[in-house]
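> Quick check, what structure comes out for this input:
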Amino acid sequence: MSTSQPHACPAATGSVANWGPPTSWLIGLPVAYLLLSSAVDHLGNPYQFLSSIHSYRLVPRPVAEGLALLLPFAHMTLALCLITGTAQRATFRVGFLLFALYAVAQATTLARGLNISCGCFGVSPTANPIGPASIATALIPAFVCLVGWRLTPTAERSAGATPAPVGEVA
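Numbers count the residues shown, from 1 in each chain. Coordinates of the predicted model:
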């Protein structure tokens, strides 16, 4: 049995495995803010959001319409999960994948020479043109989600259980 306390300072114990849900919750708040801001902006002007998605020229119009309909609600759901601390590991994982996908979409669009708005926040088609700053706006929260995902304890770690060796039944 370990003598370390469940929420001891990682620097003192030498392990980030002791970082608990409060740290994960704090890490998730800025990401939740970005997700909620984006959702509110996109729900406020869904046709402009659809136009932004379509301007990337990555998916056919029916897929763009589905994305324009679903993404704001997915953003709100992820933000609420981060704020309430619900399913933190899964939420950070999905957030990481989502923001990484946004960065890849922007990088490929920039590489194809399209001069368009990222469509991240706001309704102006000329605001936030795709470039290094907009790609960083996607990569930074992706990195934060990756850190949150790695620091959020699994159910086994938080309960103090030791997983069974591979091939054995617990």
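> doesn't residue 33 make contact with residue 75?
No: using C-beta atoms under 8 Å, residue 75 makes no contact with residue 33, being 11.1 Å away. The way it works is simple: take the backbone N, C-alpha and C, and place the C-beta from them, glycine included.
> Look at these two and report which has more neighbours.
Residue environment comparison for residue 75 versus residue 33 gives the larger neighbour count to residue 75, 23 against 14, counting by other C-beta atoms under 10 Å.
> any idea how far the more buried one is from residue 34?
Computed as C-beta to C-beta, to the nearest Å, the residue 75 to residue 34 distance reads 9 Å.
> Residue 61 too?
Distance of residue 61 to residue 34, computed by C-beta to C-beta: 27 Å.
> Give me the more crowded residue out of the two.
Taking other C-beta under 10 Å, residue 61 and residue 34 do not tie; residue 34 has more neighbours (21 against 10).
> if I look at the spatially closest residue to the more buried one that is not a sequence neighbour, how far off is residue 109?
On the basis of C-beta to C-beta, 6 or more residues apart in numbering, the spatially nearest residue to residue 34 that is not a chain neighbour turns out to be residue 141, at 5.7 Å. As for residue 141, its distance to residue 109 is 18 Å (criterion: C-beta to C-beta).
> quick one: which of the two has more around it?
Looking at residue 141 and residue 109 with other C-beta under 10 Å, you find the greater number of neighbours at residue 141, namely 24 against 20.
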